[in-house]
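Colleague: Mind folding the following:
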Amino acid sequence: MSRLEVGKILIAQPFMLDPNFKRSVVYITDHTPDDGSVGFILNKTLNMSVNELISDFPEFDCKVNYGGPVGTDTIHYIHDVGELLDDSREVTNGIFWGGDFEKLKFLVENELILPRNIKFYIGYSGWSPGQLAEELLTGSWVLDHGHPNYIFKAKDPILWSKALENKGNNYSIIGQIPDTNILN
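Modeller: The predicted structure is shown next:
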């Protein structure tokens, strides 16, 4: 098994029962053995735009995603424009988390950040110290390298199966398991 660290993705096993994570792909943005882990579900888009969520945000044709069951009263963003957005935290090469919100609004208003550059999340996925390592040991998740395309270009309905297919070997077969028992 590869090592758990920022920039990796967690791919839910097909029989995960937790409805928050069923067939989800989670991008890990923060991880330390002492503090735990934080990530965002990449493949659960909500039927809501950022303008519906934030009233004083510039007009921006961008959907909001469900990041996870923790802090659902918070909004987060992952983007690829850290060199423009002050106080962004680089997760891995070219992928950033957060940043100065007022500057973000300015950059969006002046079309220096486009919908293809950023994803918004309500809530996040969080694990206490050791919890995620235990879930990996018990087989709840498949760990793999995160790729910017998973965040910025992948289509939600197929991301789970595509991530397993890209992992290769037996995982590509697992990714073909139907979502319902009716089809088995």
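
Colleague: what about the strands in this structure?
Modeller: 8-12, 25-32, 36-41, 45-49, 63-66, 70-79, 89-92, 95-97, 118-127, 141-145 (DSSP state E).

Colleague: packing partners for the last one?
Modeller: The criterion is 3 or more C-beta pairs under 8 Å, 6 or more residues apart in numbering; DSSP states H and E, and the helices and strands that strand 141-145 contacts are strand 8-12, helix 131-137, helix 156-167. In this view, the C-beta of every residue, glycine as well, is placed from N, C-alpha and C.

Colleague: just the angle between the shortest one and strand 118-127, please?
Modeller: Compare the direction of strand 8-12 with that of strand 118-127 by axes from the mean of the first three to the mean of the last three C-alpha atoms, to 10 degrees and you get 70 degrees.

Colleague: For stretch 96-105, what does the pLDDT average out to?
Modeller: Average pLDDT, stretch 96-105: 98.

Colleague: buried residues in that stretch?
Modeller: Neighbour counts using 16 or more other C-beta atoms under 10 Å place 96-99, 103-105 of stretch 96-105 among the buried residues.

Colleague: how long is that stretch end to end?
Modeller: 16 Å (C-alpha to C-alpha, to the nearest Å).

Colleague: how distant is that stretch from the center of its chain?
Modeller: 17 Å (C-alpha atoms, centre = their mean, to the nearest Å).

Colleague: Can you tell me which of the helices and strands packed on strand 141-145 is most buried?
Modeller: Burial of those is given as mean neighbour count (mean count of other C-beta atoms under 10 Å); strand 8-12 ranks first at a mean of 24.

Colleague: pLDDT on that strand, on average?
Modeller: Here the average pLDDT along strand 8-12 is 96.

Colleague: Against which helices or strands is that strand packed?
Modeller: Using 3+ C-beta pairs under 8 Å, 6+ apart, strand 8-12 sits against strand 25-32, strand 141-145, helix 156-167.

Colleague: number of nearby residues for residue 115?
Modeller: By other C-beta atoms under 10 Å, 15 other residues sit near residue 115.

Colleague: what's the spacing between it and residue 153?
Modeller: Per C-beta to C-beta, to the nearest Å, residue 115 is found 12 Å from residue 153.

Colleague: What of residue 49?
Modeller: Taking C-beta to C-beta, one finds residue 49 at 19 Å from residue 153.

Colleague: Compare the two (neighbour count), which wins?
Modeller: Neighbour count, other C-beta under 10 Å: between residue 49 and residue 153, residue 49 has more, with 17 against 10.

Colleague: The nearest residue to the more buried one once chain neighbours are set aside: what's it in contact with?
Modeller: Once flanking residues are discounted, residue 49 sits nearest to residue 63: 6.0 Å by C-beta to C-beta, 6 or more residues apart in numbering. The contact partners of residue 63, by C-beta atoms under 8 Å, 6 or more residues apart in numbering, come to 45-50, 120.
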